[in-house]
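> build me a model:
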Amino acid sequence: MVFRRFAVAGISLAATLGAAALAVAPTAAATSRNHPPAYATSAGRAADTPPGATAAADAPDVDVAKVQAHLTELNAIATRNGGTRKSSGQGYRDSVAYVKNKLQAAGYTVTEQPCTSGCATGAGPNLIAEWPQGDAGKVYMFGSHLDSVGAGPGINDNGSGSAALLETALTLAQQHPAMAARARFAWWTDEEQGLNGSDFYVGSLSSTERSKIKAYYNFDMIASTNGGYFINHVTSTAAQPMKAYWDSLGLQPEENTEGAGRSDDYSFERAGIPTSGYAMGASARKTSAQAAKWGGTANRAYDPCYHQSCDTTGNINATGLNRSVDGIAYTLWQLAVSNSTPANDFSLATSPTTGSVDPGSSATATVSTATTSGSPQTVKLSATGAPSGVTVSFSPASVTSGSSSTMTIATTSNAAPGTYPLTITGTGSVTHTATYTLTVKGTGSCTGQQLLTNGGFESGTTPWTGDTGAIGAHAGQSAHSGSRFAWLGGYGSSATDTLNQSVTVPAGCTKATLTYWLHIDTDENERVAYDTFKVKVGSTTLTTLSNTDAASGYTQRTLDLSPYIGQRITLTFTATEDSSLQTSFVVDDAILQTG
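Numbers count the residues shown, from 1 in each chain. I've put the predicted structure just below:
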């Protein structure tokens with residue numbers, strides 16, 4: 001939570017919420033219980049999971065041990081980066097990469113949004129992840145800031161909110177329920193410098209996109225060791241699911257007066273978007289009445305390690321964290337998850353599911369649909385994932401569920417040989433997908449081309465995977481061309497950074513050459529290879545460089561990848577440092593050229 005921020009003084013909460021009214025299904029009032037809840041030790045139910053939580057579209061009990069595992073990793077990232085995850089440092093970029101990799105693997109649509117104005121110099125990106133199911137015109141956002149202050153690792157402030165959101169998002173993907181609305185998760189940059197990342201995001205939204213966001217929920221410091229149970233705008237409509245959950249635990253939550261205007265919900269509130277969220281308190285002191293109600297020590301700060309180096313994994317209230325993350329899941333399930341199977345539903349399948357063609361020829365498959373519940377409906381068919389030189393068409397393009405369509409996959413003579421997974425989508429009142437794997441055979445003809453996408457790192461991070469926080473216009477290093485590059489290593493402690501990209505090397509080509517520009521600088525003072533840089537294809541190492549190859553400026557490196565012609569390969573850059581004295585491996589302008 002940012003230390004200095006304007007309070008929401010003189011603004012009527014009713015007027016603020018009235019600017020963008022929130023439509024939330026009525027929630028039955030939870031029965032108040034004494035603490036601890038009587039059901040906490042019931043057989044088959046985890047502690048602090050109220051019976052009402054499972055009544056809301058079967059909201060899950062999120063595993064707090066998994067949340068704590070994320071906190072352990074965030075703490076380790078800070079340790080490798082000078083004890084901090086501040087927005088302008090490598091610790092923040094590594095935090096972004098960690099969260100992003102988890103979300104991408106779970107099936108989220110993930111976007112890094114560089115903060116191009118209003119943020120501190122060198123600040124890393126916002127990270128936005130959306131579950132691609134549900135009504136896209138109705139979005140519920142859940143956010144937390146991912147950066148820490150420079151003085152500490154920020155594990156309560158705000159690893160707690162960030163880790164809780166991450167595990168909630170992963171639980172949603174694992175459960176994969178039917179969705180009534182979109183769930184969008186956000187991890188904000190540069191909050192500690194003035195809510196700058198969320199300000200930038202909200203300012204970048206069109207009025208149409210802002211109107212789609214029905215409510216924003218913020219989670220900042222939700223595991224304070226001497227904490228209380230606070231809810232932003234506790235009496236508002238937006239807050240009702242959150243309050244209902246904590247009420248069911250007998251916690252008697254209070255208004256978050258300390259946090260008013262001091263965290264990222266304020267950026268949304270000023271735009272007229274309804275907001276709420278959980279908090280457990282920062283530097284303000286617990287009152288005697290609060291200590292009597294919640295336990296803890298009166299006249300002591302809610303978080304005695306607020307904005308200090310002691311804000312580590314030892315500064316976490318696991319009970320409060322558990323109650324918070326389960327309340328987040330309860331709220332998400334109440335608002336965005338469907339309580340039942342759609343009234344009208346259908347299935348989608350392809351037959352066969354694979355096909356092989358020579359360049360210049362075509363293949364066909366049957367796309368079948370069936371009505372699985374309710375009445376038949378019109379299903380519009382489409383396909384994604386086709387490479388250059390491949391087109392997919394359907395005859396007919398729309399069918400009534402229960403009918404079939406012929407899918408034709410046509411290739412040109414220049415289509416690159418390789419294997420390509422296609423996603424077939426059927427869109428009706430709900431959306432379903434099926435897969436078809438296309439193999440383009442033969443030698444084909446070869447058009448000389450650059451196979452790597454975004455090899456100069458100027459267009460964000462896509463399609464690179466791995467430690468993509470290494471990509472950017474970082475202070476302390478410079479680009480070979482343009483303004484962005486990939487800075488691997490440079491920590492001065494034990495660490496490994498990787499960047500990966502998968503491409504198909506066309507079979508019709510006679511030569512494939514990888515060139516890249518690499519700048520190596522080091523603080524090592526011996527001619528011993530302590531820190532290394534490797535280029536791999538799959539598990540095969542093609543070259544290894546080290547701190548002994550350090551030199552001023554960039555050096556162009558060249559590797560022959562001709563043995564991989566006709567194959568789908570994953571190219572990997574890996575930098576590994578030992579426990580002391582930094583070596584930086586700065587990569588730019590990577591080209592995989594065929595001929």
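
> show me the strands in the stretch 51-200 of the chain, by range?
According to DSSP state E, counting those that start in this stretch, the stretch 51-200 of the chain carries its strands in the segments 109-113, 126-130, 135-145, 181-188.

> L166 and K66, how far apart?
Here the criterion is C-beta to C-beta, to the nearest Å. By it, L166 lies 9 Å from K66. Glycine gets a C-beta too; all of them are placed from N, C-alpha and C.

> between the two, tell me which one has more neighbours.
Counted by other C-beta atoms under 10 Å, L166 and K66 do not tie: L166 has more neighbours, with 26 against 14.

> OK, contacts around the more buried one?
Applying C-beta atoms under 8 Å, 6 or more residues apart in numbering, we find L166 in contact with 67, 70, 99, 102-103, 185.

> pull out the buried members of those.
67, 70, 99, 102-103, 185 (16 or more other C-beta atoms under 10 Å).

> from those residues, which two are the most distant?
Of all pairs drawn from the buried ones among the contacts of L166, the one with the largest separation by C-beta to C-beta is V67 and L103; the distance is 15.0 Å.

> before we move on, the earlier item: of the buried ones among the contacts of L166, closest to L249?
Top of the list for closeness to L249, among the buried ones among the contacts of L166 and by C-beta to C-beta, is V67 at 17.4 Å.

> roughly how far apart are that closest one and Q175?
For V67, the distance to Q175 under the criterion C-beta to C-beta works out to 16 Å.

> kindly report the same for V392.
Taking C-beta to C-beta, one finds V392 at 31 Å from Q175.

> more neighbours: which of the two?
It is V392, of V392 and Q175, that has more neighbours when counted by other C-beta under 10 Å, with 19 against 14.

> surely that one and I409 touch.
Yes: checked against C-beta atoms under 8 Å, the pair V392 and I409 is within contact range at 5.4 Å.

> which neighbours do these two share?
Listed as contacting both V392 and I409 by C-beta under 8 Å, 6+ apart are 386, 422.

> isn't there a strand covering S405?
Yes: when the secondary structure is assigned by DSSP: H, G, I helix; E, B strand; the rest coil, S405 falls within a strand.

> which residues does it form beta bridges with?
In this structure, S405 has the following beta-bridge partners (DSSP bridges): V367.

> spit out the contact partners of the nearest residue to T354 once chain neighbours are set aside.
Taking C-beta to C-beta, 6 or more residues apart in numbering, and ignoring the residues beside it in sequence, T354 has T437 as its nearest neighbour in space, at 4.5 Å. Contact partners of T437, counting by C-beta under 8 Å, 6+ apart, are 353-355, 419-422.

> could you find the closest non-adjacent residue to A397?
Computed as C-beta to C-beta, 6+ apart, the closest residue to A397 that is not its neighbour in sequence is L381, at 6.0 Å.

> with adjacent residues omitted, what lies nearest to S283?
With C-beta to C-beta, 6+ apart as the criterion, S283 has its nearest non-adjacent residue at 4.6 Å, and that residue is Y306.

> quick one, phi psi at the one you found?
Here the main-chain torsion angles of Y306 (degrees, to the nearest 10) amount to phi -60, psi 120.

> out of the contacts of T437, list just those in strands.
Assigned to strands by DSSP state E, the following of the contacts of T437 qualify: 354-355, 419-422.

> can I get the residues you listed in JSON lines including distance to S283, neighbour count and pLDDT?
Rendered in JSON lines, the data for those read as follows (distance: C-beta to C-beta, whole Å; neighbours: other C-beta atoms under 10 Å; pLDDT from 0 to 100):
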{"residue": "T354", "distance to S283": "61", "neighbour count": "14", "pLDDT": "89"}
{"residue": "G355", "distance to S283": "63", "neighbour count": "18", "pLDDT": "90"}
{"residue": "T419", "distance to S283": "57", "neighbour count": "14", "pLDDT": "80"}
{"residue": "Y420", "distance to S283": "55", "neighbour count": "18", "pLDDT": "85"}
{"residue": "P421", "distance to S283": "52", "neighbour count": "11", "pLDDT": "84"}
{"residue": "L422", "distance to S283": "55", "neighbour count": "21", "pLDDT": "90"}
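
> could you dump those into CSV and include distance to C119?
Converted to CSV, the ones in strands among the contacts of T437 look like this (distance: C-beta to C-beta, whole Å):
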residue, distance to C119
T354, 47
G355, 48
T419, 41
Y420, 39
P421, 37
L422, 39
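
> wait, which of these is closest to A289?
P421 (59.9 Å).

> that closest one and W333, how far apart?
Taken as C-beta to C-beta, the span from P421 to W333 is 31 Å.

> in this protein, which helix is the longest?
Ordering each helix of the chain by length in residues (DSSP state H) puts helix 318-336 first.

> restrict the next helix-or-strand element following that one to CA atoms and write it as PDB.
Next along the chain after helix 318-336, taking DSSP states H and E as the criterion, comes strand 345-351. Listed next in PDB are the C-alpha coordinates belonging to strand 345-351 (Å, rounded to 0.1, in the frame of the first residue of the first chain):
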ATOM      1  CA  ASP A 345     -26.000 -26.200 -25.000                       C
ATOM      2  CA  PHE A 346     -24.200 -28.200 -27.600                       C
ATOM      3  CA  SER A 347     -21.100 -30.200 -28.200                       C
ATOM      4  CA  LEU A 348     -18.400 -29.800 -31.000                       C
ATOM      5  CA  ALA A 349     -16.100 -32.400 -32.500                       C
ATOM      6  CA  THR A 350     -13.900 -32.900 -35.600                       C
ATOM      7  CA  SER A 351     -13.300 -36.100 -37.500                       C
END
